[in-house]
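Chemist: Below are the sequence and a predicted model; questions follow.
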Amino acid sequence: MTEPFEPPRLVWPTTTVRESFLAGERADCLAEGTSTEWLDTADDDFDAFVSQRRGVHVRWSVPCTTFWYISGRHYLGTLIIRHDLTPELVEAGGHVGYHIVVPWRRQGHATRMLAAGLVECRRLGLNRVLLTCAHDNEASRRVILANGGVPDRPVRREDRFWIALNGRPDPD
Ligand SMILES: CC(C)(COP(=O)(O)OP(=O)(O)OC[C@H]1O[C@@H](n2cnc3c(N)ncnc32)[C@H](O)[C@@H]1OP(=O)(O)O)[C@@H](O)C(=O)NCCC(=O)NCCS
């Protein structure tokens, strides 16, 4: 019997999606021509891999929270919230980074995952968030615009958008 497809949700990294995480991320690496070595390490000790990613951890010199977007045992993608910005992140990266793995793309998941991520940003006390995407990343631009992104000045090849989370117009 086929399992019903549960509405996907953002959760902390979890071992319950081990097989689909490894398969989905491997498909991404193959599609992008990047190394799969890090997945071999994850495969060797998935419990440790997951526990290193749960809770607040420091990356890009700022506190970050990593969420996985899952439906039952299916892993669809990752969303990372950076609680703060550095001068580098103001130019490229912003508060939120995300990807949907290749097998689940073009089904509206990134648009809904970012909407769920914005709820988490609000919970963390952020009043507005910066999102950036490469100028030629049409899919990501659409995801950001569908979630209320207001364009700011681009920096080099990076388009930049703000999303207000407090329902009030941006005071700047
Ligand atoms: C960008 C990404 C997250 C989009 O994920 P997704 O689940 O396919 O996105 P959605 O299904 O929600 O699609 C959002 C919109 O982009 C469009 N779209 C999706 N893939 C597209 C593509 N390859 N080319 C052009 N448009 C595309 C969809 O048709 C949809 O348009 P609509 O809102 O006008 O209907 C995914 O392609 C990805 O993970 N890419 C690699 C990592 C990345 O670029 N992350 C963002 C960094 S800023």
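Modeler: Structure received. Here the structure is a predicted model, which is why all the values come from computation and not from measurement.

Chemist: Any regions of this protein where pLDDT drops low?
Modeler: 1-2, 168-172 (pLDDT under 70).

Chemist: residues in it within reach of the ligand, list them.
Modeler: Neighbours of the ligand within the chain, by C-beta under 6 Å from any ligand atom: 98-100, 105-111, 133, 137-140, 142-143, 146. (C-beta placed from N, C-alpha, C; glycine too.)

Chemist: Among the residues you listed, name the buried ones.
Modeler: Buried residues within those, defined by neighbour count using 16 or more other C-beta atoms under 10 Å: Y98, H99, I100, R105, H109, A110, T111, C133, S140, V143.

Chemist: so the second one touches C29, yeah?
Modeler: The reference is to H99. No. H99 is not in contact with C29 according to C-beta atoms under 8 Å; the separation is 11.6 Å.

Chemist: check contacts around I80.
Modeler: Applying C-beta atoms under 8 Å, 6 or more residues apart in numbering to I80 gives the contacts R59, C64, T65, T66, F67, V96, G97, Y98.

Chemist: scratch that, V62 is what I was asking about
Modeler: Counted by C-beta under 8 Å, 6+ apart, V62 has contacts R82, H83, D84, L85, T86, L89.

Chemist: Spatially, which residue comes closest to the third one, not counting chain neighbours?
Modeler: I take that to be D84. Residue nearest to D84 in three dimensions, not counting chain neighbours: V62, with 4.3 Å by C-beta to C-beta, 6 or more residues apart in numbering.

Chemist: Backbone dihedrals for that neighbour, please?
Modeler: Taking degrees, to the nearest 10, you get phi -140, psi 160 for the backbone angles of V62.
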